[in-house]
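J.: dropping the sequence and predicted coords here.
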Amino acid sequence: MTSVEDLRDRPLFVGLGDKEIRMIIEVGKEFELPAGKVVVIEGDMGDCLYVILSGEVEVLRKTGEKIGHLEGKLTMLTADEGDFFGEMAILDFQPRVATVRTLVPARFLVLTREALFGIWKENAEARVVLLSNMVRILSRRFRRILEEGSHTV
């Protein structure tokens, strides 16, 4: 079971108080997947954000190339404990732009759009902190991808 201490120092939640973190834990759902399992699929509609509690994932994009009957994929980045993904589907209501697959056994906290928007509606400070953290982290990811190409973030 996720605790306040488990989330307090994660980049997405920095600046939130214990009360706000408890709200997030209450509306979130935890689950685990073994290595090699797909969490989300590029092109699918999504309505949730995933916080990696433990483990590591790779973020893959289709390349458009075919190798035999298989479609080629490019690893855009890897993410591990403390990172999150799925935020784009929460924010822009568009299909997922990448497939995410576990590299090792992983545990996640899933936050649906409805749950997050409920917290944001109820608590303006939590909304500002979470959105500011998301924007800062996304900006850093984008900058790193531009500077380094497709590597670990």
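T.: That came in fine, so what should we check first?

J.: which one's the longest helix in this protein?
T.: Determined from DSSP state H, the single longest helix within the chain is helix 124-148.

J.: run through the neighbouring helices and strands of that one.
T.: Judged by 3 or more Cβ pairs under 8 Å, 6 or more residues apart in numbering; DSSP states H and E, the packing partners of helix 124-148 are helix 18-27, strand 70-80, helix 87-92, helix 113-122. Quick note: C-beta positions are derived from backbone N, CA and C, even for glycine.

J.: hey, least reliable of the ones you listed by pLDDT?
T.: Ranked by mean pLDDT, these end with strand 70-80 at the bottom, a mean of 66.

J.: just to revisit the earlier point, mind putting the helices and strands packed on helix 124-148 into TSV with mean neighbour count and distance to Ile137?
T.: Shown next, in TSV, are these (neighbours: other Cβ atoms under 10 Å; distance: least, Cβ to Cβ, whole Å):
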stretch	mean neighbour count	distance to Ile137
helix 18-27	16	16
strand 70-80	15	11
helix 87-92	17	9
helix 113-122	15	15
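
J.: for stretch 32-49, C-alpha coordinates in PDB please.
T.: Output in PDB follows, covering the C-alpha atoms of stretch 32-49 (Å, rounded to 0.1, in the frame of the first residue of the first chain):
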ATOM      1  CA  GLU A  32       1.900  -4.500 -10.600                       C
ATOM      2  CA  LEU A  33       3.100  -6.000 -13.800                       C
ATOM      3  CA  PRO A  34       5.900  -8.400 -14.600                       C
ATOM      4  CA  ALA A  35       8.800  -7.600 -17.000                       C
ATOM      5  CA  GLY A  36       7.900  -7.300 -20.700                       C
ATOM      6  CA  LYS A  37       4.300  -6.400 -20.300                       C
ATOM      7  CA  VAL A  38       2.700  -3.500 -22.100                       C
ATOM      8  CA  VAL A  39       1.100  -0.800 -19.900                       C
ATOM      9  CA  VAL A  40      -0.300   1.500 -22.600                       C
ATOM     10  CA  ILE A  41      -0.400   1.300 -26.400                       C
ATOM     11  CA  GLU A  42       0.400   4.100 -28.800                       C
ATOM     12  CA  GLY A  43      -2.800   5.300 -30.600                       C
ATOM     13  CA  ASP A  44      -5.200   4.200 -27.800                       C
ATOM     14  CA  MET A  45      -7.300   6.700 -26.000                       C
ATOM     15  CA  GLY A  46      -6.200   7.200 -22.500                       C
ATOM     16  CA  ASP A  47      -7.700   8.700 -19.400                       C
ATOM     17  CA  CYS A  48      -5.100   8.100 -16.700                       C
ATOM     18  CA  LEU A  49      -1.600   8.900 -15.500                       C
END
